[in-house]
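Q: Quick one, fold the following:
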Amino acid sequence: MSEEHVTRLVINDKEYIFIGTAHVSKTSAELVKKTIDEEQPDSVCVELDKQRYDSIQNGAKWKEMDIFTVIKEKKATLLFINLALSSFQKRMANQFGIQPGQEMIQGIESAKEVGAKLVLADRNIQTTFSRIWHQLDWKGKMLLLMEVVGGIFSKETITEEELEKLKSEDMIHSVLQEFTDHFPKLKKPLIDERDQYLAEKIKQAPGKKVVAVLGAAHVPGVLREIEKEHDLRKLTEVPPKSKKPKVIAWAIPLIIIGLIVYSFLTNPSTGFQQMVSWLLWNGSLSAIGAAAAFAHPLAILTAFVAAPITSLNPFLAAGWFAGFVQAIVRKPNVQDFENMSEDVTTVKGFWKNKVTRILLIIILANIGSSLGTFIGGADVVRLFFKQF
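A: Below is the predicted model of the structure:
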């Protein structure tokens, strides 16, 4: 890293100094320290949100997490994605002896040393994922999960070429690159909106001289956006869900129930076949999903029993019930929470750790139930028309 990675800009007598860093480069931290020491800014902005800042300062507070609350608040999938991304960073640190985000840590320390105001300038990562998640239909959500898991665990090691590429990319975007290629509109919440958020937070930083420590991939976008006005409240809102998926979510079970009831009234034998098909497809595929996560037999049975019922109610999901049962019969202990940061670095660790296994059970049981709904539903329709 050199001075070419430092960009200066003056707007309304206020000087902004942007340091374009590489999240996995040892020399970035040195450049951050050197620049802040020389410039003595009034404020230092870092590309962190409160959640990641607390994690850096205090370590990941896994011991304080309540897995039952995670399930109740329907945050299992988002937590899984966060853990998967952290596993990618942890593996990189273990392999190359590089601690991702070292330049941000240096920014925090240097701000304290020179008495500058520290500004956490990035948007909350949960908000970013929520805004991505709400733009996807069920197929997109399945693809996103497969992309995250596949992109992180397809190789146990990272090549030197991949490492060099990461030095000039946004960490999250690099993991989801192929996915955003298939869903171009997701570049907006993943990159563009964060550029706008960062620009506005940097602009609002107090003082006449501001140093901003940003990943190199964000600097061009922030420079484009900093002279514009941006509404931080709108950028942090989770958009309301479209009514169309909700209508479809209710229409499918109502049609299924209607066809089965009609068949029972007109041809009980067909009605019975339809009901058995619905129960077996939903229950079996959801149970297979739970079993693939090495769920306890009671959790597998719960997935089997719950799936045919929850598939008829958009407010419920078989995986939640299977996850609750797993959490009760195989309750995670303190050591499981403490070991999470290390366990998530390998595929085996994800299945071994009791906490991450619960998340896998929820996700895989729900995927199985979704597949069962479409296959079982199609068979119900087939049997309905077959009787005529």
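
Q: doesn't residue 332 fall inside a helix?
A: No - counting by DSSP: H, G, I helix; E, B strand; the rest coil, residue 332 is not found in a helix; it is coil.

Q: Count the neighbours of it for me.
A: 20 (other CB atoms under 10 Å). Any C-beta I mention is one placed from the backbone N, CA and C, and that applies to glycine too.

Q: Skipping adjacent residues, who's closest to it in space?
A: residue 354 (4.1 Å; CB to CB, 6 or more residues apart in numbering).

Q: who's in contact with that neighbour?
A: If you count contacts by CB atoms under 8 Å, 6 or more residues apart in numbering, residue 354 has them with 330, 331, 332, 333, 336.

Q: what helix or strand does residue 19 sit in?
A: Per DSSP states H and E, residue 19 falls inside strand 14-21.

Q: next SSE after that strand?
A: Assignment by DSSP H and E places the next element after strand 14-21 at helix 26-39.

Q: and that following helix with strand 14-21, angle?
A: 160 degrees (axes from the mean of the first three to the mean of the last three CA atoms, to 10 degrees).

Q: Apart from its chain neighbours, what residue comes closest to residue 40?
A: Residue 40 sits nearest to residue 114 (CB to CB, 6+ apart), 5.4 Å away.

Q: I figured the one you found hits residue 38, correct?
A: No - Residue 114 is beyond contact range of residue 38, at 9.9 Å (criterion: CB atoms under 8 Å).

Q: what about those two, which has more around it?
A: residue 114 (15 against 11).

Q: How confident was the prediction at the more buried one?
A: Note on residue 114: pLDDT of 96.

Q: how near is it to residue 224?
A: 29 Å (CB to CB, to the nearest Å).

Q: go on, residue 293?
A: Applying CB to CB to residue 293 and residue 224 gives a distance of 44 Å.

Q: cool, residue 338 as well?
A: 43 Å.

Q: can you list the contacts of residue 354 in TSV and add distance to residue 267 and pLDDT?
A: What follows is these, written out as TSV (distance: CB to CB, whole Å; pLDDT from 0 to 100):
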residue	distance to residue 267	pLDDT
330	45	91
331	48	88
332	50	86
333	54	79
336	52	79
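
Q: Buried among the residues you listed? Make that a ChimeraX selection.
A: To isolate the buried subset of the contacts of residue 354 in ChimeraX, counting by 16 or more other CB atoms under 10 Å, use the following:
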select :330,332,336
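
Q: Export the contacts of residue 354 to TSV and append columns for distance to residue 129.
A: TSV is the format used below for those (distance: CB to CB, whole Å):
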residue	distance to residue 129
330	27
331	27
332	23
333	28
336	24
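
Q: with the contacts of residue 354 in mind, which one is nearest to residue 75?
A: residue 332 (15.8 Å; CB to CB).
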